[in-house]
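Asker: Predicted model and sequence below, questions to follow.
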Amino acid sequence: MSGINEQKKEYQKLVDQSSPKPTLLKNCIWAFIVGGIICCIGEGINDILIEIVGLTKDDAATFRSIILVFLGALLTGLDLYDSIGKRAGAGSIVPITGFANSIVSPAIEYKREGYVFGVGAKIFTIAGPVVVYGVISSVIVGLIHYMIGIG
């Protein structure tokens with residue numbers, strides 16, 4: 001029995017030696033940089049929409065979100081967003097462009113199965129629960145707001 005334990009320990013030692021070491025600090029730095037760049041691009045779009053186009057802050061914020069979702073979907077369609085995500089990790093997933101990527105990726109992957117059973121059935125595989133949670137929580141908050149009568 002002790003021979004088996006020794007073999008397990010030796011095997012685990014070999015696994016530990018050959019496994020890649022996690023580069024947590026490097027991954028955090030990349031996530032911070034890429035997430036920051038995406039947010040800076042969003043703020044630049046916002047400034048352009050307010051200063052040059054002449055939109056109000058609320059309208060600019062709406063169009064900024066639309067533009068960032070479009071850019072995220074476009075980069076996913078061009079197979080560039082996944083390359084960014086491999087390097088940046090959470091830095092590319094957390095911003096709204098990551099939401100666009102989570103919707104467009106399954107649509108592209110299942111397109112060959114047809115538009116109804118492929119794209120239509122799989123498009124919200126990942127993002128669907130987020131959308132459902134957002135809708136349900138906004139209804140609940142709206143009902144509470146209506147019942148309390150604030151505002």
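Answerer: Structure received.
Asker: neighbouring contacts of the helix or strand of the chain with the lowest mean pLDDT?
Answerer: Scoring the helices and strands of the chain by mean pLDDT, DSSP states H and E places helix 121-122 at the bottom, with a mean of 71. With contacts defined as C-beta atoms under 8 Å, 6 or more residues apart in numbering, helix 121-122 is touched by 106, 107, 109, 110, 113. Placement of C-beta: from N, CA and C, glycine included.
Asker: So what's the residue count around the first one?
Answerer: The local packing count at residue 106 equals 19, with neighbours defined by other C-beta atoms under 10 Å.
Asker: Dihedrals phi and psi, residue 79?
Answerer: phi 60, psi 30 (degrees, to the nearest 10).
Asker: tell me what the top helix by length along the chain is packed against?
Answerer: Using DSSP state H to define each element, the chain has its longest helix at helix 24-51. Packing partners of helix 24-51 (3 or more C-beta pairs under 8 Å, 6 or more residues apart in numbering; DSSP states H and E): helix 57-77, helix 81-88, helix 90-93.
Asker: Tell me which helix or strand comes right after the last one.
Answerer: Stepping forward along the backbone from helix 90-93, the first helix or strand reached (DSSP states H and E) is helix 96-109.
Asker: Enumerate the positions of that next one that are buried.
Answerer: For helix 96-109, the neighbour count (16 or more other C-beta atoms under 10 Å) marks 96-108 as buried.
Asker: starting at the chain centroid, how far to it?
Answerer: 8 Å (C-alpha atoms, centre = their mean, to the nearest Å).
Asker: what does stretch 41-60 give?
Answerer: 23 Å.
Asker: Now do it, average pLDDT.
Answerer: The average pLDDT within stretch 41-60 is 95.
Asker: first to last residue in it, what's the distance?
Answerer: 14 Å (C-alpha to C-alpha, to the nearest Å).
Asker: same thing with stretch 106-124?
Answerer: 8 Å.
Asker: rewinding a little: and the helices and strands packed on helix 24-51 as a markdown table, adding mean neighbour count and distance to residue 120?
Answerer: Formatted as a markdown table, those follow (neighbours: other C-beta atoms under 10 Å; distance: least, C-beta to C-beta, whole Å):
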| stretch | mean neighbour count | distance to residue 120 |
| --- | --- | --- |
| helix 57-77 | 16 | 17 |
| helix 81-88 | 17 | 22 |
| helix 90-93 | 20 | 24 |
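Asker: Next, the distance between the ends of stretch 19-30.
Answerer: 22 Å.
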